[in-house]
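In: here's my sequence, what's the structure:
(chains A and B)
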Protein chains: 2
Amino acid sequence: MRIELPHRSERFGAVRIHGVQEVWELDSGGEPAALEDPGWQSIHHVPTATINDYERRMAIVIPVMGERLKVLDGVLSGIPHDCLIILVSNSERGPVDRYRMEKETLRRFCRLAQRSALLIHQRDPGVAAAFADAGMPELLDEEGLVRNGKGEGMLIGLALAQLSGREFVGFIDADNYVPGAVYEYVQAYASGFHLAESPFSMVRISWRSKPKIQAGRLFFNRWGRSSQVTNRFLNLLISAYSGFGTEIVATGNAGEHAFSLDLALRLQFAAGFAVEPYEYLNVFERYGGVITSPDDDVMRDGVEIFQIETRNPHFHENKGADHVQEMRLQALNVLYHSPIATPDVREEVLEFLNQEGVIGEGEEPPQELLYPPMSVVDWDTFGRVLGDKSESFRQIEQVRPSAVERQTPIPDIPDSESKG
Amino acid sequence: MRIELPHRSERFGAVRIHGVQEVWELDSGGEPAALEDPGWQSIHHVPTATINDYERRMAIVIPVMGERLKVLDGVLSGIPHDCLIILVSNSERGPVDRYRMEKETLRRFCRLAQRSALLIHQRDPGVAAAFADAGMPELLDEEGLVRNGKGEGMLIGLALAQLSGREFVGFIDADNYVPGAVYEYVQAYASGFHLAESPFSMVRISWRSKPKIQAGRLFFNRWGRSSQVTNRFLNLLISAYSGFGTEIVATGNAGEHAFSLDLALRLQFAAGFAVEPYEYLNVFERYGGVITSPDDDVMRDGVEIFQIETRNPHFHENKGADHVQEMRLQALNVLYHSPIATPDVREEVLEFLNQEGVIGEGEEPPQELLYPPMSVVDWDTFGRVLGDKSESFRQIEQVRPSAVERQTPIPDIPDSESKG
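Out: Just a heads-up that it's a prediction; the model follows:
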């Protein structure tokens, strides 16, 4: 992958946010970068072998909730072979058992592509028990199950990525029509981690275009609808501290993003659709230098955030206007209640929500649920309880012809990638 | 790339047409195929390094005619780095000089991506003179220029690919919205050539889906409109000789296809939009064993045709109904007039064209123009005349001279643009 180096970066305490970087070539060839003349230009060549090295150390989490199986199957085909697939489903399990269909789709894919995957249902009592016993009961609702919501599904994915021993975790939505875009996202994640100097890094995808159907033809929007609002307010927060207006944040709502696990396990995550914008916010809260940071090592090495503008258009299933409104509001709720939100920022949030008719005069936006960092989890306990009690968890191993799917007790997970 | 092996193949004389093969993974990893157990399953893993080896030996020809520059730029970004780009434009050169804009787009891309490309205008008097002097004056119209038409643009691209010393040539349309699909097409070409046992091979892309806007939403068509008709009639022709009905041909109109130059230079091409279906027909005519073949070596080794169903949807600019009607009819015209069309096939073609209201009772479809095989061309003369007389031809070189082998044996190209 050939990728622009960031033209500018903004600092927020120990956090460096790099400006959007364009992708120039999906495949920039196999020759090592040493052949290039460094400094001649601001474009960086990440050789195929380097990308492959990161893929081997990366898990890709796909949160699923009722997406069409044909679309899911396409998404799977776009994930590079050496990544571990982790599918976290919150699909219906009634008389029509969509989870079972997803399991069959994944199992068939893994058999034909000879690869491994982890699979779990979000509402599995076993994963709830594992979180409760391992020190993170906050994830559970009154039924004693992991709460519904995208953020919660992502946290299950993070936990499985940690158990699998991978060092990086990337998220890919299951509703993407373009397998080639999925492939490009993972290449971009790998390129970002390659560029990072800090072990605490995040890579977020910015779409070049998001096609919409307008008046019977395709129109290539530059921005998704809710992104504009989220980005504007995150930039406002940065400006409030730096004293300089900025447009550096372009990926506030990015569903496609990736972390080093070293960073992800230290962060708090928000419930539901607030999850993605709150990743920015929590990084600012913890490492922005406004309030004291609990993590000396991160303060020393710093956090790096990369924003990569991919080449493929983002064609995905249309979830409708309600979904967008919900996403937009949850982002502003967490911002309003952030301990680092300045009075000016709070005022602007209120004004906006007021204009939109979402809250009345004198009302405050609701609090969103925030979870503690996953570093509190006792992983031995988590693995043991998950292995003992989970009903839906599957570890699909497909490396040699004799290998068949088996339900593996969790302690085996770190060994699951070995090609026996 | 992980790709299904063909479930079935049909023979037509020395021609083997392999059934459609699905792509299972865009990137099946870097490990060599030797780890697999051959015969265990019908899926073949083509390692990244193998694909890269074919890319280095491949030229990609992009016929351009007024497509939007943003879309063209995306197409360029999807072509793997080690392929040579050959852009053949028939865009307007009036007061608004679109060719010049295309040249600037290509030059900027090559500078930033540090790669090489060839570029020419179809109506350049120099390329016409080169064809005339080198033994192929049939390409010229009454103005003494290479005729307008997609087939003619492709032939210029073939000639440049031959001059560049590459062994394979692939075609990619310039109107594709999805760079990741372009990338996948080239991977599929490379995988097909890797699977081929004969040096005389062709790889054609079958789309999994071709999205259309219907009633304000996307509908994923299985087949393009004109493809259904073309495929039906090509299959009818095969059945007429084999005595067995068949649906083997699924890529009659494939704009995305590739040849070994060993095969391409021996084939006749048709003018305009008949070009793609006629590739099948001419292979049948020459090597089907119905009439005597001029090429003993090809009859001995056989011709292989691969049809690969890619994963990405084919999102492209809508050229409208006229375009489709035109394509469909030209395919049937060449079939009707083929020396190997049986009376039954001719009858069915007439009946269909009659029902469609295209020709009246007792009328015959028009003849399409067919060109002689490019093997008649004297390449030394072609290169010399092109170098002397061409106005628009550019060879963009953007790699440090020491870093790359020069592949282009055309000695004196004026205004050759090398990186300073």
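In: alpha carbons only for contacts and neighbour counts from here, please
Out: Fine.
In: quick one: A:Glu368 and A:Asn333 touch, right?
Out: Yes - assessed by CA atoms under 8 Å, A:Glu368 is found in contact with A:Asn333 at 6.6 Å.
In: check what pLDDT A:Lys419 gets.
Out: The predicted structure scores A:Lys419 at 34 on the pLDDT scale.
In: do A:His7 as well
Out: A:His7 is assigned 84 on the pLDDT scale.
In: in chain A, which spans are strands?
Out: Along chain A, counting by DSSP state E, strands occupy A:2-4, A:9-12, A:15-25, A:43-45, A:58-64, A:84-89, A:117-121, A:168-171, A:200-207, A:210-214, A:217-221, A:257-260, A:303-310, A:394-396.
In: ok, which of those comes nearest chain B?
Out: Taking CA to the nearest CA, strand A:15-25 is the member of the strands of chain A nearest to chain B, at 4.5 Å.
In: quick one: contacts of the closest one?
Out: Residues from elsewhere that reach strand A:15-25, judged by CA atoms under 8 Å, 6 or more residues apart in numbering or on different chains: A:1-11, A:206, A:248-250, A:283-284, A:287-288, A:302-311, B:76-81, B:109, B:112-113.
In: and what of stretch A:83-101?
Out: A:55-66, A:69, A:79, A:116-123, A:148, A:153-154, A:156-157, A:160-161.
In: measure it end to end?
Out: 22 Å (CA to CA, to the nearest Å).
In: tell me the buried residues in it?
Out: Residues of stretch A:83-101 classed as buried: A:83-91, A:98-99 (neighbour count, 16 or more other CA atoms under 10 Å in any protein chain shown).
In: one step back: what subset of the contacts of strand A:15-25 is buried?
Out: Buried members of these, counted by 16+ other CA under 10 Å: A:1-6, A:9-10, A:206, A:248-250, A:283-284, A:287-288, A:302-311, B:76-81, B:109, B:112-113.
In: ok, the residue in the stretch 101-250 of chain A that chain B sits nearest to - how many residues close by?
Out: Distance from chain B to each residue of the stretch 101-250 of chain A (CA to the nearest CA) is smallest for A:Gly180, at 4.1 Å. Counted with other CA atoms under 10 Å in any protein chain shown, residues neighbouring A:Gly180 total 30.
In: what sits against it?
Out: The contact partners of A:Gly180, taken as CA under 8 Å, 6+ apart, are A:78, A:312, B:26, B:178-181, B:183-184, B:311-312.
In: what about the helices in the stretch 101-250 of chain A?
Out: A:125-134, A:150-164, A:179-195, A:225-242 (DSSP state H, counting those that start in this stretch).
In: what average pLDDT does the longest one get?
Out: So the one you mean is helix A:225-242. 91.
In: assess the claim that A:Ala117 and A:Arg108 are in contact.
Out: No - with contact defined as CA under 8 Å, A:Ala117 does not reach A:Arg108; the gap is 11.3 Å.
In: for the stretch 1-150 of chain A, give me the ranges with low pLDDT.
Out: Along the stretch 1-150 of chain A, segments meeting pLDDT under 70 span A:32-41.
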